[in-house]
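> Sequence plus predicted model, see below.
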Amino acid sequence: MSDLRKSFIEKPLLNPIEHSSPHGFLGESLARAGLSPEVFIWCPSEEVPEPFQALLVHDGDMTSTLERFYEERMLLEVLAEENSDGCYYREVILKGKGTGRVAEFGVIEIELNNFPRALQKLILRGEQPLGGILNESEMTYKSEPLGYFSVAREALPPKLSPLGSANTFFGRYNQLKSPDETCLARILEIVPDFHHQ
């Protein structure tokens, strides 16, 4: 089993950075994405302002939430990916099909072996957001956010410039689970302020 899979965080925390494992999701995975765990300022859900509150503070998947908010289908752009021992890591951008507007940046670790083989193939194809694949397949799952944060634009790498020019962005650290509590995926999601794109 890879170190990446061993390092998955197994319980909800307000601030996942404080988890005892130094090689947890917000260590190794963020380093791959060029991000530092120290730049995220964690906060209770009620302190997340609008419009980010509507986008982030819920127990649904982000794909369908973004599609309802922007009233258009979300397309997937894969910036980086790696598949090791059944753990599929990737960095993605979701953007509107009609407008091309960037709606989210995500760092995601997917437990491929916990999906049916047909869905594994769709996921690895990298053409559709994970939430869209799950919803269309009618596979039963649930979303359990682990925490919410803000992050300064200046702390983000240049590749995230499509998120826009706002000084501060907001996001959440989320996990997707099957009904028996098996982990399907863990995701760090950052959404732009659409007023500053």
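Cool, the structure landed. Numbering: from 1, shown residues only.
> rest of the way, CA atoms for contacts and neighbours
OK.
> ok, now how distant is the spatially closest residue to Gly96 that is not a sequence neighbour from Asp85?
Excluding the flanking residues, the one nearest Gly96 by Cα to Cα, 6 or more residues apart in numbering is Met74, at 4.8 Å. Applying Cα to Cα, to the nearest Å, the value for Met74 to Asp85 is 29 Å.
> Compare those two and say which one has the larger neighbour count.
Met74 (27 against 13; other Cα atoms under 10 Å).
> Any stretches of this structure with poor pLDDT?
1-26, 194-197 (pLDDT under 70).
> residue ranges for the helices of it, please.
Counting by DSSP state H, one finds helices in the chain at the ranges 3-6, 30-32, 52-56, 62-70, 117-125, 130-137.
> mind putting those helices in TSV, mean neighbour count included?
As requested, the helices of the chain are arranged in TSV below (neighbours: other Cα atoms under 10 Å):
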stretch	mean neighbour count
helix 3-6	15
helix 30-32	15
helix 52-56	19
helix 62-70	18
helix 117-125	14
helix 130-137	15
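> quick one, which of the ones you listed is nearest to Lys95?
Comparison of these against Lys95 by Cα to Cα identifies helix 62-70 as nearest, at 9.2 Å.
> distance between that closest one and the chain's centre?
13 Å (Cα atoms, centre = their mean, to the nearest Å).
> Give the other helices and strands that it contacts.
helix 52-56, strand 74-84, helix 130-137 (3 or more Cα pairs under 8 Å, 6 or more residues apart in numbering; DSSP states H and E).
> Ala166: which of those is closest?
The nearest among those, by Cα to Cα, is helix 52-56 at 12.8 Å.
> Tell me how far that closest one lies from the chain's centre.
Distance, stretch centre to chain centre, for helix 52-56: 14 Å (Cα atoms, centre = their mean).
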